[in-house]
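S.K.: Take a look and give me a structure for this.
(chains A and B)
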Protein chains: 2
Amino acid sequence: MGGYPDDLQRLVEDHLGRLTYSRRDATAGLEEAMRYSLLAGGKRIRPVLCLATGRAVGIDPPELLDISSALELIHTYSLIHDDLPCMDDDDLRRGRPTSHVAHGEDVAILAGDALFAEAVRLACVQPGRPERVLAAVREITAATGVDGMVGGQYIDVTGEERDPGALRRLHSLKTGRLIAACVGAALAIAGLSPERQAPYRRFATELGLLFQIVDDILDVTGSEEELGKPSGSDARHGKVTYVSLHGVDRARELAAESHRAALAALAEAAGETDTLRRIADFIFTRTS
Amino acid sequence: MGGYPDDLQRLVEDHLGRLTYSRRDATAGLEEAMRYSLLAGGKRIRPVLCLATGRAVGIDPPELLDISSALELIHTYSLIHDDLPCMDDDDLRRGRPTSHVAHGEDVAILAGDALFAEAVRLACVQPGRPERVLAAVREITAATGVDGMVGGQYIDVTGEERDPGALRRLHSLKTGRLIAACVGAALAIAGLSPERQAPYRRFATELGLLFQIVDDILDVTGSEEELGKPSGSDARHGKVTYVSLHGVDRARELAAESHRAALAALAEAAGETDTLRRIADFIFTRTS
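M.R.: A predicted model of the protein is given here:
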C-alpha cells in the first residue's frame, strides 16, 4: 500500500545508468563529468513523478523512460550550475564534492550544458504521437526557461524577491514549474483533454509548493549526514525561505496544508492515482 | 546577382528584436542580458543559412523564422559561455564588453542557459507537420550536445586534440555540426527524401569547414576594428588552428578547396540554390 514507489525509482536508475552520449574518446571526460553528477543517487522524484502520472492515465511506466530521464538530466544540469562559485558556491552535494570541485569550473559548466542538450534530444525520441511528444518537449523547455527554472534561479541569485508572495513566485519558477512539467509531460503524451488534465495539474502545483516548503524545513532541521551537505546553508546564503519568513512551526503547518490540497486535487482525478498519492506522502514526510 | 542576402538578414534581425520571453518584472534583468548579447549585431549566418535552404527547397523564408531564430539563440548562448573567465576569458565581443563583464558571471551563465531553453521552446512552435518539426528539434539538439557544439568546446578547453585530423574533428563538433543543423533543420521541415537531402548535407559540411578556416585566418590577418575584438586571440590562448598548423598561405588554399567543394555539392542539389551560393561566397571572402 504505502511507501515511495521503489519499483519506479529502480526503473529510472537502471535507465539513467545505461545512457551514453557519444563513442568519441576525446569527449570521454565530459561524459564522465555528466555521469558523476547524474548517477550520484537521490530519490529521482521528477522522473518517478512522470512515470507515476503515466501509470495513473494508462501509460505503462517503461514506455515513458525517455522523457522521464530527460527530466532528471535537466534537474542534474540545474544543480551543477547552481553550485558554481559565482552562484551558490557549494562544495558538497549528496555527500560528494560538487562538479566544479571535482572537474573544474569549465568542465562543470559544459557538463551542465551538455546534460541539457542531451535531455532535449532524449525527450525528442520519446515514443508517442509526434504532436504529443512535441507538446511535451515544449512544456518541459518552457518550464526551464525565463518563465521557469532559470528565471527562478536568476531571481534567487539577484535577491529581488523578499516578501511572502514573492517567495512563492520565486519557488514556483525555480522548482515548481519543472515538477509540474513532470506531470504535464505524461499528460501530454497520453493526450488527455484539458478537463481531465485539470485535477492533475492542480495536484502538480501543490506538490511543487509542498516540496519547497519541506526543503526549507529540512535545511534547518536536517543533519549534515542525512542531507549530504551542510545544513543551514540557506541562512548562510542569506536566502529568504519559508522558515526564515514564518518559523519552523508555521512552515510545518503550511506543508500540511499543501499536502492536504494535493491529495484533494488527486481525489478528483480520474485514474489509478495511488502511486501519485504515495509520492505526495513521501515528499511530505521525507527527512533528507 | 551577388552579395550576402541582406533581405534574409533583415528578416531575422527584425524577428530577433521582437522576441520576448516573459512579462515578469522580476526577470526583466535576465531578459535584458539575453537581448544585450542576442542583439549585438553580426551577419546572422546561421538563421540566414536556414532561411536560404528553405528558399532552395520551396519553403518561403518567413515561414521558417521560429526555427531559424532558435539557431541564433543557441549560437549566442554558446558565445556567452565560451567567453567566461573559466573558458576563453574574453572581455570583448563585437566591440562591446562580453556578457560576464557587463552583467556579472552568474547572470551571464543564466542568460546562456535561458537562451538555450527559449531556443528549443521557439523551435517547438515552428509551423509544420509535427513529425518534421520534431525531427528538426532533434537534429538541432543533437548538434548542440556531447557529439556536437558542447563536446567540441570541451575538447577545445581541455586541449586534447593537437594534430591536423584531430583539429578537423574538433571544429566539426564545435562549429560544424550547428552550421550543418541550420541546413538540416530546413530540410527536415520540408520533408525531403534522404536522396534529395544528400547534396545539401555535403554542402553544409563543407561550409562549416570553410567557415572555420576563414575564421582562423581572420584571427591573424584581421584588425581589431574589423573583428570587434583583439586579433591574435587564438595564439594567445595557445590554440591549434588551421593557421598555426599550416601557415596563412596554405590555410588560404584549404579555404579555396572547401569553397569549391561546397559549390560543387550545391551544383548537384535540386532547387533554387542561388542564395546558398551567395552565402558560401560571402563566407569565403568575408573580412570580419
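S.K.: Going by secondary structure, A:T20 is in what exactly?
M.R.: A:T20 is located outside every helix and strand, with elements delineated by DSSP states H and E.
S.K.: and it, how many residues sit next to it?
M.R.: A:T20 has 9 neighbours, counted by other C-beta atoms under 10 Å in any protein chain shown. (Glycine included, C-beta is placed from N, CA and C.)
S.K.: Now do the buried residues in the helix or strand that contains A:S37.
M.R.: For A:S37, the host element (DSSP H and E) is helix A:28-38. Neighbour-count burial for helix A:28-38 flags A:29-31, A:33-38 (criterion: 16 or more other C-beta atoms under 10 Å in any protein chain shown).
S.K.: and which of those is nearest to chain B?
M.R.: The shortest gap between chain B and any of the buried residues of helix A:28-38 belongs to A:L30, at 4.3 Å (C-beta to the nearest C-beta).
S.K.: after the helix or strand of chain A with the lowest mean pLDDT, next one along is what?
M.R.: When the helices and strands of chain A are scored by mean pLDDT, DSSP states H and E, helix A:224-227 comes last with a mean of 70. Downstream of helix A:224-227, the first helix or strand assigned by DSSP H and E is helix A:233-236.
S.K.: Can you name every helix or strand that the following helix or strand past that following helix contacts?
M.R.: Following helix A:233-236 in sequence order, the next helix or strand is helix A:242-267 (DSSP H and E). Helix A:242-267 sits against helix A:164-171, helix A:194-221, helix A:233-236, helix A:274-285, with contacts defined as 3 or more C-beta pairs under 8 Å, 6 or more residues apart in numbering or on different chains; DSSP states H and E.
S.K.: For the shortest one, name the packing helices and strands.
M.R.: What it means is helix A:233-236. Applying 3+ C-beta pairs under 8 Å, 6+ apart, one finds that helix A:233-236 makes contact with helix A:194-221, helix A:242-267.
S.K.: closest one to B:G54 among these?
M.R.: helix A:194-221 (33.5 Å; C-beta to C-beta).
S.K.: residues of the closest one that come out buried?
M.R.: Residues of helix A:194-221 classed as buried: A:197, A:199-221 (neighbour count, 16+ other C-beta under 10 Å).
S.K.: remind me which residues of the stretch 151-288 of chain A are low pLDDT?
M.R.: A:160-162, A:227, A:229-230 (pLDDT under 70).
S.K.: Which positions in it make contact with chain B?
M.R.: Listed as neighbours of chain B in the stretch 151-288 of chain A under the rule C-beta under 8 Å from any C-beta of the partner chain: A:151, A:153-155, A:157-158, A:160-161, A:166, A:169-170, A:173.
S.K.: now these: which count as buried?
M.R.: Using 16+ other C-beta under 10 Å, the buried ones in these are A:151, A:153-155, A:157-158, A:161, A:169-170, A:173.
S.K.: Count the neighbours of the closest residue to A:A235 other than its chain neighbours for me.
M.R.: Of all residues not flanking A:A235 in the chain, A:S244 sits nearest, at 7.0 Å (C-beta to C-beta, 6 or more residues apart in numbering or on different chains). Applying other C-beta under 10 Å, we find 16 residues neighbouring A:S244.
S.K.: ditto for A:M149
M.R.: Neighbour count for A:M149, taken as other C-beta under 10 Å: 28.
S.K.: from what I can see it touches A:A142, true?
M.R.: No - using C-beta atoms under 8 Å, A:M149 makes no contact with A:A142, being 10.1 Å away.
S.K.: Overlap of the contact sets of these two?
M.R.: The contact sets of A:M149 and A:A142 overlap at A:177, B:117 (C-beta atoms under 8 Å, 6 or more residues apart in numbering or on different chains).
S.K.: circling back to that earlier point, what's the residue nearest to A:A235 in contact with, if anything?
M.R.: Going by C-beta under 8 Å, 6+ apart, A:S244 touches A:216, A:234-235.
S.K.: let's see it at 10 Å
M.R.: Residues near A:S244 by C-beta atoms under 10 Å, 6 or more residues apart in numbering or on different chains: A:167, A:216, A:219-220, A:234-235, A:238, A:251.
S.K.: Give the other helices and strands that the helix holding A:S37 contacts.
M.R.: Secondary-structure packing of helix A:28-38 (3 or more C-beta pairs under 10 Å, 6 or more residues apart in numbering or on different chains; DSSP states H and E): helix A:6-18, helix A:65-83, strand A:96-97, helix A:99-103, helix A:105-124, helix B:149-158.
S.K.: how about a cut-off of 6 Å?
M.R.: Using 3 or more C-beta pairs under 6 Å, 6 or more residues apart in numbering or on different chains; DSSP states H and E, the elements in contact with helix A:28-38 are helix A:65-83, helix A:105-124.
S.K.: of all these, which lies closest to chain B?
M.R.: Between chain B and those, the tightest spacing by C-beta to the nearest C-beta is seen for helix A:105-124, at 3.6 Å.
S.K.: low pLDDT regions in the stretch 1-150 of chain A?
M.R.: Checking the stretch 1-150 of chain A against pLDDT under 70 turns up A:1.
S.K.: Quick one: name the residues of it near chain B.
M.R.: When proximity is defined by C-beta under 6 Å from any C-beta of the partner chain, the stretch 1-150 of chain A lies next to chain B at A:21-22, A:26-27, A:30, A:86-87, A:105-106, A:110, A:113-114, A:117-118, A:120-121, A:124, A:130-131, A:134, A:137-138, A:141-142, A:144-147, A:150.
S.K.: Buried only: go through those residues for me.
M.R.: By 16+ other C-beta under 10 Å, the residues of the stretch 1-150 of chain A next to chain B give A:21-22, A:26-27, A:30, A:86-87, A:105-106, A:110, A:113-114, A:117-118, A:120-121, A:124, A:134, A:137-138, A:141-142, A:144-147, A:150 as buried.
S.K.: Work out the gap between the helix or strand encompassing A:T53 and the centre of the chain.
M.R.: Assessed by DSSP H and E, A:T53 sits inside helix A:45-56. On the basis of C-alpha atoms, centre = their mean, to the nearest Å, helix A:45-56 sits 12 Å off its chain's mean C-alpha point.
S.K.: Am I right that A:A251 is in contact with A:Y242?
M.R.: Yes - A:A251 sits in contact with A:Y242 when judged by C-beta atoms under 6 Å, with a separation of 4.4 Å.
S.K.: Neighbour count for those two, which is higher?
M.R.: Legend: neighbour count by other C-beta under 10 Å for A:A251 and A:Y242, higher for A:Y242 (27 against 21).
S.K.: Wait, that one touches A:D215, no?
M.R.: No - judged on C-beta under 6 Å, A:Y242 makes no contact with A:D215 at a distance of 8.8 Å.
S.K.: Closest one of the buried ones among the residues of the stretch 151-288 of chain A next to chain B to B:A185?
M.R.: The closest of these, once distances to B:A185 are taken by C-beta to C-beta, is A:G151, at 26.3 Å.
S.K.: Tell me which of the helices and strands packed on helix A:233-236 sits nearest to B:R93.
M.R.: For the helices and strands packed on helix A:233-236, proximity to B:R93 was assessed by C-beta to C-beta; helix A:194-221 is nearest, at 37.0 Å.
S.K.: Next one: the nearest residue to A:D215 once chain neighbours are set aside from chain B, what distance?
M.R.: Distance criterion C-beta to C-beta, 6+ apart; nearest residue to A:D215, sequence neighbours excluded, is A:T175 at 7.8 Å. Distance, A:T175 to chain B, using C-beta to the nearest C-beta, to the nearest Å: 15 Å.
S.K.: tell me the phi and psi of A:T175?
M.R.: The phi/psi pair for A:T175 (degrees, to the nearest 10) reads phi -120, psi -30.
S.K.: Please point out which parts of stretch A:94-113 sit buried.
M.R.: Residues A:96, A:98-103, A:105-113 are the ones in stretch A:94-113 that count as buried (16+ other C-beta under 10 Å).
S.K.: for stretch A:163-177, same thing?
M.R.: So for stretch A:163-177, counting by 16+ other C-beta under 10 Å, buried means A:167-177.
S.K.: Kind regards, and thank you for your time.
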